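Participant: Compute the structure for the input listed below.
(one chain, ligands or ions: 1)
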Amino acid sequence: MPEHAVEANFDGLVGPTHNYAGLSWGNVASRSNVHAQSNPREAALQGLAKMKRLADRGYVQGILPPHERPHLPTLRRLGFSGPDAAVLATVAGQAPELLAAVSSASAMWTANAATVSPSADTADHRVHFTPANLSAKFHRSIEPAVTGRALKAIFGDEAYFAHHPALPSVSQFGDEGAANHTRLCGSYGDPGVELFVYGQVAFNEDAPAPCRFPARQTLEASRAVARLHGLSDRHAVFAQQNPDAIDAGVFHNDVIAVGNGNTLFYHELAFLDEARVLADIRNRLTGTELIPVRVGSDDVPLADAVASYLFNSQLLASDTGMLLAVPGECREIPSVSAYLDRLVASGGPISAVEVFDVKQSMRNGGGPACLRLRVVLQPDELAAMHRGVLLTDALYQRLTTWVEAHYRDRLSQDDLADPLLLDEVRAALDELTGILGLGSIYDFQLGAG
Ligand SMILES: N=C(N)NCCC[C@H](NC(=O)CCC(=O)O)C(=O)O
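Facilitator: Next comes the predicted model:
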């Protein structure tokens, strides 16, 4: 057990219905791969390989389970009735767009699962969790209930962990979780500054806002989460995302910025008022100096940042500086690849770059950082959590075998209506909650719907 606080990364295990349905207007990759054939097995194995490589390097690596999809309770709530197979057949004929939405494996992007505030920042010195309502997209708005159950099953001890319900699911409180939240600090166990980035002020129609694509996170949502978590002004900074960046396809802040420790790695077009953001962080950060690593458009044009997902990399502490875990696409785009070489040679805080192949996820707009939820834990909190979800060699082997036994290697939109797929998913997930020791977290296990 480590003697100091650690950052644990909880990756979403890709679910058996991973597919390309083009559900996310404003997310360029999702729209450009619409109706391509997916490979759920490869997607899950790519994710597991990423987790394993990081676990092998000594990082604390956890897993959040996939959700039950297609989600029959949602279809029933929308008026489809009868036995499961009949519901699937009817919705496929009458409203295939709804079938696609309730079949998305989007819970894999756990950066959107919740916002997490470490105990060093919160008023009651517990770790606080608020599942994101993801109200901007129907297919994602059905995630928070099961996310909340999974988080409670893993972080169950109320002496250490506090859980809040998701915010009201309306656009004024649109909340996308940790994708718009990054924490800056000295050591992980020190009090830190939590940077909440929002796309729009909901209750002020005159405030700047994107014109083309939706802003998914509101200031009102970010402030509510900070209040719920008991963050005083010393621990919270609120910053508006540059609306032009949202209109260029930056649908979450983690597509244009990532922070770790005292380092903020970001594109010059990330924030509406960059100088104020940096000043607000500097005024609150104690025991260390903020190190901004600013990438100019001359080095990496915004379009290349979006296409490569450079900023959706994981920025991880290591003994010799920081490691940037980048998606393979970063080495395919010349401006980005050349920039990465200069970055490592510059002698700054980021001293190494490693490439991860998460192409199946990338085609839906999910890079390495989308796939993980960061939870900073003190040693006693790490000891108190349910450890069955932490990746060991044995768990990696078991999950690999599980994926190979249960996942298809191709899936198209037509397959989503296949009642056998629903049976396969339920059998797989029932086994998975056993493997992970999570108890019953799915509606089909709880007898609902
Ligand atoms: N940046 C972060 N943190 N997460 C990425 C989420 C990608 C996800 N894509 C999707 O939901 C596409 C699904 C589809 O089109 O089939 C989204 O847009 O919400």
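
Participant: Only C-alpha atoms from now on, for both contacts and neighbour counts.
Facilitator: Noted.

Participant: And for the closest residue to residue 139 other than its chain neighbours, the neighbour number?
Facilitator: With sequence-adjacent residues excluded and distances taken as C-alpha to C-alpha, 6 or more residues apart in numbering, residue 139 is closest to residue 101, at 4.5 Å. When neighbours are counted by other C-alpha atoms under 10 Å, residue 101 registers 22.

Participant: Let me see the contact set for residue 101.
Facilitator: The contact partners of residue 101, taken as C-alpha atoms under 8 Å, 6 or more residues apart in numbering, are 21, 23, 138, 139.

Participant: please redo it, this time with the cut-off set to 10 Å
Facilitator: 21, 22, 23, 69, 70, 71, 137, 138, 139, 140, 141, 142 (C-alpha atoms under 10 Å, 6 or more residues apart in numbering).

Participant: out of those residues, which are buried?
Facilitator: For these, a burial check counting by 16 or more other C-alpha atoms under 10 Å picks out 21, 22, 23, 69, 70, 71, 137, 139, 140, 141, 142.

Participant: Quick one: name the residues of the stretch 201-350 of the chain near the ligand.
Facilitator: By the rule C-alpha under 6 Å from any ligand atom, the part of the stretch 201-350 of the chain lying against the ligand is 252, 254, 255.

Participant: which of those residues has the most neighbours?
Facilitator: Within these, most neighbours by other C-alpha under 10 Å means residue 255, with 30 neighbours.

Participant: Quick check, it in contact with residue 312.
Facilitator: Yes. Taking contacts as C-alpha atoms under 10 Å, residue 255 lies within contact range of residue 312: 5.1 Å.

Participant: between these two, what contacts are shared?
Facilitator: Joint contacts of residue 255 and residue 312 (C-alpha under 10 Å, 6+ apart) are 179, 305, 306, 365, 366, 367, 369, 370.

Participant: Can you check what pLDDT the model gives the third one?
Facilitator: Spelled out, that is residue 306. In this model, residue 306 is scored at 97, pLDDT.

Participant: hmm, back to that, kindly indicate which of the residues of the stretch 201-350 of the chain next to the ligand lies nearest residue 169.
Facilitator: Closest approach to residue 169 among these (C-alpha to C-alpha): residue 252, at 17.9 Å.

Participant: My guess is residue 422 contacts residue 69. True?
Facilitator: Yes. The pair residue 422 and residue 69 qualifies as a contact (C-alpha under 10 Å) at a distance of 7.2 Å.

Participant: Find residues that contact each of the two.
Facilitator: Both residue 422 and residue 69 are contacted by 16, 17, 103, 416, under the criterion C-alpha under 10 Å, 6+ apart.

Participant: which one of the residues you listed is nearest residue 227?
Facilitator: For those, the nearest to residue 227 is residue 103 (33.6 Å; C-alpha to C-alpha).

Participant: my read: that closest one touches residue 70, true?
Facilitator: Yes. Between residue 103 and residue 70 there is a contact under C-alpha under 10 Å: 4.0 Å.

Participant: and of the shared contacts of residue 255 and residue 312, the nearest to residue 6?
Facilitator: Nearest to residue 6 among those, counting by C-alpha to C-alpha, is residue 369 at 17.3 Å.

Participant: Next, that closest one: secondary structure please.
Facilitator: coil (DSSP: H, G, I helix; E, B strand; the rest coil).

Participant: could you list every residue that touches it?
Facilitator: Per C-alpha under 10 Å, 6+ apart, neighbours of residue 369: 9, 11, 109-111, 178-179, 254-255, 258, 309, 311-315, 325-327.

Participant: what separates the lowest-mean-pLDDT helix or strand in the chain from the chain centre, distance-wise?
Facilitator: Using mean pLDDT, DSSP states H and E, helix 28-32 stands out as the lowest-scoring helix or strand of the chain, at a mean of 89. The chain centroid and the centroid of helix 28-32 are separated by 17 Å under C-alpha atoms, centre = their mean, to the nearest Å.

Participant: what's in contact with it?
Facilitator: Helix 28-32 is contacted by residues 20-25, 248-251, 306-307, 361-366 when judged by C-alpha under 10 Å, 6+ apart.

Participant: Could you see whether the ligand lies near it?
Facilitator: Yes. Counting by C-alpha under 6 Å from any ligand atom, the ligand has neighbours in helix 28-32: residue 30.

Participant: one step back: tabulate the buried ones among the contacts of residue 101 in JSON lines, adding columns for distance to the ligand, pLDDT and secondary structure.
Facilitator: Output for those, formatted as JSON lines (distance: C-alpha to the nearest ligand atom, whole Å; pLDDT from 0 to 100; DSSP: H, G, I helix; E, B strand; the rest coil):
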{"residue": "21", "distance to the ligand": "4", "pLDDT": "96", "secondary structure": "coil"}
{"residue": "22", "distance to the ligand": "3", "pLDDT": "95", "secondary structure": "coil"}
{"residue": "23", "distance to the ligand": "4", "pLDDT": "95", "secondary structure": "coil"}
{"residue": "69", "distance to the ligand": "13", "pLDDT": "98", "secondary structure": "coil"}
{"residue": "70", "distance to the ligand": "13", "pLDDT": "98", "secondary structure": "coil"}
{"residue": "71", "distance to the ligand": "15", "pLDDT": "98", "secondary structure": "coil"}
{"residue": "137", "distance to the ligand": "7", "pLDDT": "98", "secondary structure": "coil"}
{"residue": "139", "distance to the ligand": "7", "pLDDT": "98", "secondary structure": "helix"}
{"residue": "140", "distance to the ligand": "7", "pLDDT": "98", "secondary structure": "helix"}
{"residue": "141", "distance to the ligand": "10", "pLDDT": "98", "secondary structure": "helix"}
{"residue": "142", "distance to the ligand": "12", "pLDDT": "98", "secondary structure": "coil"}
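
Participant: State the pair within those residues that is farthest apart.
Facilitator: Greatest spacing in the buried ones among the contacts of residue 101, by C-alpha to C-alpha: 22 and 71 (18.0 Å).

Participant: how many other residues sit next to the residue in the stretch 251-400 of the chain that the ligand sits nearest to?
Facilitator: Nearest to the ligand in the stretch 251-400 of the chain, going by C-alpha to the nearest ligand atom, is residue 370, at a distance of 3.8 Å. Counted with other C-alpha under 10 Å, the neighbours of residue 370 add up to 26.

Participant: give me every residue that touches the spatially most central residue of the chain.
Facilitator: What sits nearest the mean C-alpha location of the chain, by C-alpha atoms, centre = their mean, is residue 111, with 1.5 Å. Residue 111 makes contacts with 9-12, 132, 176-181, 254, 366, 368-374, as judged by C-alpha under 10 Å, 6+ apart.

Participant: hmm, try it at 7 Å
Facilitator: Taking C-alpha atoms under 7 Å, 6 or more residues apart in numbering, we find residue 111 in contact with 177, 178, 179, 369, 370, 371, 372, 373.

Participant: And the helices in the stretch 51-200 of the chain, which stretches?
Facilitator: 72-77, 84-94, 96-103, 138-141, 144-154 (DSSP state H, counting those that start in this stretch).
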